[in-house]
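Q: output the structure for:
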Amino acid sequence: MVNPTDLTLLETLEALLDTRSVTEAGRRLGLSQSAVSHRLRRLRDDLGDPLFVAGSEGLVPTERARALEAPVREGLGTLRGALRAARPFDPNEERTLAMAGSDGTELGAAPRMLAAVRTEAPGLRVITRPRVPGWSEALARGELDLVIVPAGVPGVSEEAEKPALVRRRLFDERFVVLLRRGHPAAKPALTLAGYVALDHVLISPTGSQKGIVDQVLAARGEQRRIAFQLAHFSSGPFLIAETDLALTCPAVLGRDAAAILPVEAHPPPLPLPSVPILLCWHRRSHEDPAHRWLRERLVRGMAR
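A: Next up, the predicted model:
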């Protein structure tokens, strides 16, 4: 068995799982290729498994290595977090934290964090990634640090309920109807009859052909016509600016779009439920000073 006090072997295994290359793992660890090969031999002897075999595109992990991947990442991540928690937050320390959400989340969150990060923590680098199924496991592995996700959305929100995650309510997302500036349907005000008569754009990152609006309309015996369906929030306002279509979208997206495009955000002509937006992270990161600092700045910046 691997000696649990020999963390260098576990770090080597993690690096090999990440890079699938002895040479690249050595670069990451600051070791020679022969030193990494020596550690890999020790791992193979201790575990009684080859762990990696040669493949056409690099090393291929065996089933034993795949089974070890999640606990090794989580264990090392927990230990690193505990060691960092023992130190105060150093804003000049070079550190990268990764956050995931929809592109609408990126549009809303990034500008509201950027000023604080640049002025208060110049050593901190924040990267954003798409939120894809399995994001809770990415948090456990340390591939992600924070995830923003809507609550109560089937097929999207279930992962946030996992017991290893911590959740914090950022805000309640409300909706507006985005129309091009001067759209006749908005004069003098957008009515339900006028709204239903319009052709609509649906933004659906999951590919679902119906949204909250359609559920509310159906309960009233109404329906709308979806003329275009988009996978990304960011392209919606540009389409609205050039057409007579209507887009029902998060209020922050509508407000930001109206500041730079010839579009206007109008109150929906029917009551739409707000959607709680959650910030999620793994318990291993809870006490990490840099992680905690970024969470607080994000909560402050996204307060509505």
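Q: from here on, contacts and neighbour counts on C-alpha atoms
A: OK.
Q: mind checking pLDDT for residue 118?
A: At residue 118, the model reports a pLDDT of 83.
Q: ok, residue 5 next?
A: Residue 5 is assigned a predicted lDDT (pLDDT) of 46.
Q: swap in the one 10 residues further on?
A: What the model reports for residue 15 is a pLDDT of 88.
Q: could you do the one 10 residues further on as well?
A: The predicted local distance difference test score for residue 25 is 90.
Q: going on from the strand or helix carrying it, what's the next piece of helix or strand?
A: Using DSSP states H and E, the element containing residue 25 is helix 22-29. Per DSSP H and E, the first helix or strand lying C-terminal to helix 22-29 is helix 33-47.
Q: quick one, the helix holding residue 25 and helix 33-47 angle?
A: For helix 22-29 against helix 33-47, the angle by axes from the mean of the first three to the mean of the last three C-alpha atoms, to 10 degrees is 100 degrees.
Q: for helix 22-29, packing partners?
A: Judged by 3 or more C-alpha pairs under 8 Å, 6 or more residues apart in numbering; DSSP states H and E, helix 22-29 is in contact with helix 7-19, helix 33-47.
Q: hey, least reliable of the ones you listed by pLDDT?
A: Among these, helix 7-19 scores lowest, with a mean of 88.
Q: next one: that one to chain centre, how far?
A: The chain centroid and the centroid of helix 7-19 are separated by 25 Å, computed with C-alpha atoms, centre = their mean, to the nearest Å.
Q: could I get the buried residue list for that helix?
A: Buried residues in helix 7-19, counted by 16 or more other C-alpha atoms under 10 Å: 9, 10, 11, 12, 13, 14, 15, 16, 17.
Q: what's the distance between stretch 258-266 and the middle of its chain?
A: Centroid separation for stretch 258-266 versus its chain: 26 Å, with C-alpha atoms, centre = their mean.
Q: just stretch 213-224 next, same as before
A: Put simply, stretch 213-224 sits 30 Å off its chain's centre (C-alpha atoms, centre = their mean).
Q: end to end, how far does it reach?
A: One end of stretch 213-224 sits 9 Å from the other (C-alpha to C-alpha, to the nearest Å).
Q: flag the shaky bits of the stretch 51-200 of the chain, pLDDT-wise.
A: 81-87 (pLDDT under 70).
Q: and the strands in the stretch 151-300 of the chain?
A: For the stretch 151-300 of the chain, strands defined by DSSP state E, counting those that start in this stretch occupy the ranges 165-173, 175-180, 199-203, 225-230, 246-250, 263-266, 275-282.
Q: quick one: list the elements packing against the third one.
A: Pointing back at strand 199-203 there. If contacts are counted by 3+ C-alpha pairs under 8 Å, 6+ apart, strand 199-203 sits against strand 225-230, strand 246-250.
Q: tell me which of the ones you listed lies nearest to residue 150.
A: In terms of C-alpha to C-alpha, the element of the helices and strands packed on strand 199-203 nearest to residue 150 is strand 246-250, at 11.4 Å.
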